[in-house]
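Peer 1: the following block contains a protein sequence and its predicted model.
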Amino acid sequence: MATSPNANEIVTRLLRGSEKATLVIDTRPRTARDGASLQTTQEPGSTYIRKTRRVIAVVSHDSNGALYGGLFIFKWSGDALVLVDTFALSASFEIHVSQVTSSTSPTSTNAPLKSSVAHCLVNILSDGREFAFVCQEDQAVALERECRKLQSLTMTSEMRAESTQSWLAAYSPPIEDQRIDDLALSTAFAGSPGDEDGDAILIRDHWIQQQILASRDAFSSPHKLRLRVGTFNVNGRLPDASIKSWVQHMGPSADRRKPGILDSPDMLIFGFQELDLSTSALIYSTSTLLEDTWTSAIMNCLEDTGGSYVKFASCQLVGMLILAFVRKGQRPYISEISTTYLGVGIMGLMGNKGGVGLRFRFRNTVITVVASHLAAHDGMMQKRNEDHREICNRMHFPLRAATPAEAAEPLRPVSSSIFESDVLIWMVNCLLYLDNSDRAYLNYRIELPFEDVMEQIVESVAPRDLVELLQFDEVRGVVTFCSPLTTSIAKCLKETQASIQLFQRNADYFPPTYRYLLNGTTIDSKRRPAWTDRILSLAHPESSLQQTKYESHPNTLLSDHKPVSADFDLETRSVDPELQRSSIATILSSMSRLPTQANSAPRLSLSSKVVEFGNLRYLETSTQFVEILNKSDRPCAYRIISPIEGGLIAPHWLKISPIYGIIAPHQSITLTLTVFIDTSAATELNVGSGELDTTIVLHVEHGVDYFLAVNGRFLHTCFARSLESLACLPQSARYTAGFSKANETRPSTIPKELMRVIDWLMSHPIEDRSNELFATSSDLELLSLIREANTEDPFPFEDETRWSSVDITLAFAEVLVLFFAALPNGMVPSSAYPIITGAAEEDDSELLEHLSPVSVNVWVTLFAFLQFACLQTSRQEVEAKRIGECRPL
Amino acid sequence: MSRQYQFKLVLLGESAVGKSSLVLRFVKDQFDDYRESTIGAAFLTQTVQLDDQTTIRFEIWDTAGQERYKSLAPMYYRNANCAVVVYDITQSASLEKARSWIRELQRQADPSIIIALCGNKTDLEARRQVTQEEAKKYAEEEGLMWCEASAKTGEGVQDIFMAIAKKLPLSAPQSQKGQARAGGQPRGVDLSSKPAAEQDGCNC
């Protein structure tokens, strides 16, 4: 069996004890030495194959001797497998294996060696869902045999006991779920409230934080801090005049009394690497000679700006140094200064590599700055990552008590990790290369400390232990790293779902900072250029840290690196401790009577027990509110839980907010319920009666589960329906509740809804705006009018004055694209994919043989229209491209 | 040495037969003449003293009787050690409903579940529609415990729970305590190791 042991192992690890994988097929392309490549990734048109490269596993579940089968489909995500879909091997499961003829074999165009392996197309059907893939013949045969065997066992088991697919529910593919909330509440569902003590505390603490935040203006006032951060690998050189541009920066003054006046920053923090390259510097050095030299050089630059600064902290480890300066007038607001260092060089101890850190409080904001110098050279990525992790985990700041009373406190924390701060700024110096091939870009991405930082944040932050909650998603939002983003890197980031917009907003563009010829601005041609110097920042979601500038200073000549600087605006607050204490005490005391045991939980009153949404249309949002009143004189913690084990708290089309919270005594909160029927929901609902009926379970911690029924009626639509079923409809799609395929009705040649749209497009010229065809975003109301128009009546645009006739026509084009994008299985059946991908040598015209008669008619009509449209426009490629995009391949 | 055992108990039955009132009488010895109907499922606990050495802690799920929430009922009776199916002696239709709950429990619930059929509202003797004989005969046929009670007067209420407590197998180790409300894991006491005591009508 050509099963990769790797995939097999991973699948087994993902399963529970009662299940075992009886067959695992890795449809990943073999490497060349396996001799049986399904498809090489370089081959043009391989997108389909690559995207659908899947691991298929047949899994059996043992429930007291009764066997149930399931087919699991995974995709690769790096070296991990992610579940894509599961099929129960029940009565409705069908598997069809067909041999791909030699001419259509995806391998036939490859080396002769490969063509000796026959391939099969496997189609899987179950409950109207379909999945198809290509694999080797022996795999397909084994798969079919295994599936049929387990299917008969499953059916026997289901006959004896009740039909159950609940075991499969545990493996629902990862979907966006409201349950996955930031508080990490325990698993709970109807009848099983989970860890109520723990959950109530989490919900309460969240509420307290929100309340303190909301009331903070009562006890504090905001102040802006302008912060400049610089990093410089000085290569053992001494400062010269060219560091000026790196040190100095003029920006709008933070002082409100001096509007429009450019001023230097309030605080400046500089990180240095390779301060001293001498051999003796490899051991811990305490000499302050170099520190003094750099301090006075910086002070000189600062004096030029007219500001009056003092150095308030410094920390050195061999060649690494942090120097921190602040405007004299601001110095009194700095407290709790703490410095630390960590060597991760030779033996994990030596100080040639490692990091130095500075932690302090400015007014109420705790700021941590780390400067690290990691393993050099290409190919040492792993070592770099280890070093980075080491610094994340091992760097701690000692916390000194400010007063003797504080020192005597029994549970006073004696140290703080670098993440226990409001703002973390990290100056990284390590080698990250970039060259011209895409592959290197990918390496570049993987080598970025960015991902590492993310990983670390997840690993080292146990939310309950932290004073501040660092939220992963939001943290991602504020990580600003300063690579110059080329188009290719942007593409890579997009693939990892990173929000590229965020980076574009924060990242300025500057040339690589390494390696330059000394005393010049010329890049050393013997080394690959790299961005080795970067400044990362991370802020607690509630802090407002904004990066205003990020740049390198190529005119600083003294080192083989170029220095980098970043400017931030930070809002800090001055706090009146007395007011703060009383304000927080009020909030805390209101929570003291939160119930901690059953029989005492408050009773709630819901403004309605049934939420009626009425008629719900495709792609339209509908919102309803429910007031929840706490009738007792104790606060109550509630959360929405799933009505079934392992399920979602609500179906996908329903969003609830907020899903947990506190209701104060005799107060009420408003629960917002929003329904949005998207294409996937519409596809399901078009088949059934359209009645939406679900129950929300609102659980009061230590108390009652309240039920809230949600009703609505989906208005059937011609969107999100297959062309075949649409052509068979005897009347408008709106009135076809429960209608499937009627045999007595002769299918029309083309769905009339589609024809009406194309007719309109062909009879309403768009004149000189033809280049906007398929490229507009029309008014939502106009789109809705077109989507919802009754098939029996003419479109209601006879006396239209709100939109111009061209705008209306362009909206029709948009609806046409939507129509095709919403087709459940696309227009082209999976059996025709080898032709589309160019893997088969068939003529393109043979493609039509794979289509149903209706699809052929639609195809011909569509292309006739496109041709017509192309004749009218000079930008023919636009249409071809737009339509091509919506074909769900 | 005194021991405490913990069992999950669920109340089922048609709307307005007095499930919540029975629980309120049992847990707090109170009665509301005008009680709102339960929309959801309330969780309460009460402890009974079986003898000098043994206490039983009931974790009670009082469920909504309305038909529209019927699909959620299995979430509450799963893993229950005992069930009290309540009917109203003044409404013969409510006994029919009770029968259908019992059938569902026999089919779907834990096989070792102890089921008690309870006729409520004996204070309304004048309006009685369900005779004691009829209900008792049905209970005997199905091997259920049976009794009548009045949540309003309190008559017979403690007896139901006491009788159930006596029926529960106490072989389960004490470490089971606290399991019943733990999330995610199978809850309750494993009763399958020892056959449950014979189930016949109780003596109340």
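Peer 2: Received it, and whenever you're ready, just let me know what you need.

Peer 1: quick one, what contacts A:H702?
Peer 2: For A:H702, the contacting residues are A:E196, A:A200, A:P595, A:T596, A:Q597, A:A598, A:S600, A:A601, B:F43, by CB atoms under 8 Å, 6 or more residues apart in numbering or on different chains. For the C-beta atoms, the positions are set from N, CA and C on the backbone; glycine is no exception.

Peer 1: so what's the last one up against?
Peer 2: Just to be clear, that refers to B:F43. Neighbours of B:F43 in contact, by CB under 8 Å, 6+ apart: A:P193, A:A598, A:H702, A:G703, A:V704, A:D705, B:E59, B:I60, B:W61, B:D62.

Peer 1: now do the fourth one
Peer 2: By CB under 8 Å, 6+ apart, the contact list for A:T596 reads A:D197, A:A200, A:H702.

Peer 1: again with the third one
Peer 2: By CB under 8 Å, 6+ apart, the contact set of A:P595 is A:A200, A:A601, A:P602, A:R634, A:C636, A:E701, A:H702, A:G703.

Peer 1: filter these down to the buried ones, ChimeraX style.
Peer 2: Buried subset of these, written as a ChimeraX selection, criterion 16 or more other CB atoms under 10 Å in any protein chain shown:
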select /A:200,601,602,636,701,702,703
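
Peer 1: can you list the residues of chain A near chain B?
Peer 2: A:162, A:186-196, A:597-599, A:606, A:609, A:643-645, A:695, A:697-698, A:702-707, A:709 (CB under 8 Å from any CB of the partner chain).

Peer 1: using TSV, lay out the contacts of A:P595 together with secondary structure and distance to B:E36.
Peer 2: Below are the contacts of A:P595 laid out as TSV (DSSP: H, G, I helix; E, B strand; the rest coil; distance: CB to CB, whole Å):
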residue	secondary structure	distance to B:E36
A:A200	helix	24
A:A601	coil	15
A:P602	coil	14
A:R634	coil	19
A:C636	strand	17
A:E701	coil	21
A:H702	coil	20
A:G703	coil	15
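
Peer 1: which of the contacts of A:P595 lies closest to A:P332?
Peer 2: Proximity of the contacts of A:P595 to A:P332 (CB to CB) peaks at A:A200, which lies at 41.7 Å.

Peer 1: what sits against the closest one?
Peer 2: A:A200 is in contact with A:L594, A:P595, A:T596, A:A637, A:E701, A:H702, counting by CB under 8 Å, 6+ apart.

Peer 1: lowest-confidence one in those residues?
Peer 2: Least confident of the contacts of A:A200 in the model: A:T596, at 75.

Peer 1: tell me the SS of that residue?
Peer 2: Classification of A:T596 using DSSP: H, G, I helix; E, B strand; the rest coil returns coil.

Peer 1: for it, phi and psi?
Peer 2: Main-chain dihedrals, A:T596, degrees, to the nearest 10: phi -120, psi 0.

Peer 1: any idea how far it is from A:D197?
Peer 2: According to CB to CB, to the nearest Å, A:T596 and A:D197 sit 7 Å apart.

Peer 1: so what's the spatially most central residue of chain B up against?
Peer 2: What sits nearest the mean C-alpha location of chain B, by CA atoms, centre = their mean, is B:V84, with 2.1 Å. Residues in contact with B:V84 (CB under 8 Å, 6+ apart) are B:L9, B:V10, B:L11, B:L12, B:K19, B:L22, B:A116, B:C118, B:I160, B:I164.

Peer 1: chain A: which of those residues is nearest?
Peer 2: Of all the contacts of B:V84, chain A sits closest to B:V10, with 8.7 Å by CB to the nearest CB.

Peer 1: can you list the weak-confidence ranges in chain B?
Peer 2: For chain B, the stretches with pLDDT under 70 are B:1, B:171-204.

Peer 1: contact residues of it facing chain A?
Peer 2: Taking CB under 8 Å from any CB as the contact definition, chain B meets chain A at B:27-28, B:39-45, B:59, B:61, B:64, B:68-69, B:71-72, B:75-76, B:78, B:108, B:181-184, B:187.

Peer 1: so which of the residues you listed are in strands?
Peer 2: Residues of those located in strands (DSSP state E): B:G40, B:A41, B:A42, B:F43, B:L44, B:T45, B:E59, B:W61.

Peer 1: all strands for chain B, in order.
Peer 2: B:3-13, B:40-49, B:54-63, B:82-88, B:114-120, B:145-148.

Peer 1: and if you look at the stretch 201-350 of chain A?
Peer 2: Here the stretch 201-350 of chain A has its strands, by DSSP state E, counting those that start in this stretch, at A:220-233, A:251-252, A:262-263, A:267-273, A:309-317, A:320-327, A:334-343.

Peer 1: and these, which one is worst for confidence?
Peer 2: Minimum mean pLDDT among those: strand A:251-252, a mean of 61.

Peer 1: pull the longest helix from the chain.
Peer 2: With no chain named, the answer covers chain A. For chain A, the helix with the greatest residue count under DSSP state H is helix A:137-160.

Peer 1: not quite, go with chain B.
Peer 2: helix B:92-108.

Peer 1: please save the CA atoms from it in PDB.
Peer 2: This file holds the C-alpha atoms of helix B:92-108, laid out as PDB (Å, rounded to 0.1, in the frame of the first residue of the first chain):
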ATOM      1  CA  SER B  92     -56.400  12.100  32.300                       C
ATOM      2  CA  ALA B  93     -54.500  13.400  29.200                       C
ATOM      3  CA  SER B  94     -51.500  14.100  31.400                       C
ATOM      4  CA  LEU B  95     -51.200  10.400  32.200                       C
ATOM      5  CA  GLU B  96     -51.100   9.700  28.500                       C
ATOM      6  CA  LYS B  97     -48.300  12.100  28.200                       C
ATOM      7  CA  ALA B  98     -46.600  10.500  31.100                       C
ATOM      8  CA  ARG B  99     -46.800   7.100  29.400                       C
ATOM      9  CA  SER B 100     -45.100   8.600  26.300                       C
ATOM     10  CA  TRP B 101     -42.300  10.000  28.400                       C
ATOM     11  CA  ILE B 102     -41.900   6.600  30.100                       C
ATOM     12  CA  ARG B 103     -41.700   4.900  26.800                       C
ATOM     13  CA  GLU B 104     -39.100   7.400  25.600                       C
ATOM     14  CA  LEU B 105     -37.000   6.900  28.800                       C
ATOM     15  CA  GLN B 106     -37.200   3.100  28.500                       C
ATOM     16  CA  ARG B 107     -36.000   3.400  24.900                       C
ATOM     17  CA  GLN B 108     -33.400   6.200  25.100                       C
END
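
Peer 1: ok so, going back, in JSON lines, list the contacts of A:T596 along with distance to A:G661.
Peer 2: JSON lines is the format used below for those (distance: CB to CB, whole Å):
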{"residue": "A:D197", "distance to A:G661": "17"}
{"residue": "A:A200", "distance to A:G661": "11"}
{"residue": "A:H702", "distance to A:G661": "15"}
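
Peer 1: separation between B:T90 and B:A149?
Peer 2: For B:T90, the distance to B:A149 equals 13 Å [CB to CB].

Peer 1: now do the contacts for A:I584.
Peer 2: By CB under 8 Å, 6+ apart, the contact set of A:I584 is A:I212.

Peer 1: buried ones in whatever helix or strand it lives in?
Peer 2: Assigned by DSSP states H and E, A:I584 belongs to helix A:577-590. Going by neighbour count (16+ other CB under 10 Å), the buried part of helix A:577-590 is A:Q580, A:S583, A:I584, A:I587, A:S590.

Peer 1: who wins on neighbours among the contacts of B:F43?
Peer 2: Neighbour tally across the contacts of B:F43 (other CB atoms under 10 Å in any protein chain shown): the maximum, 28 neighbours, falls on A:D705.

Peer 1: so who does that one touch?
Peer 2: Neighbours of A:D705 in contact, by CB under 8 Å, 6+ apart: A:A190, A:G191, A:P193, A:I641, A:V697, A:L698, A:H699, B:G40, B:A41, B:A42, B:F43.

Peer 1: ramachandran coordinates for it?
Peer 2: phi -90, psi 120.

Peer 1: is it bridged to anything, and to what?
Peer 2: A:D705 forms beta bridges with A:H699, B:A41, as assigned by DSSP bridges.
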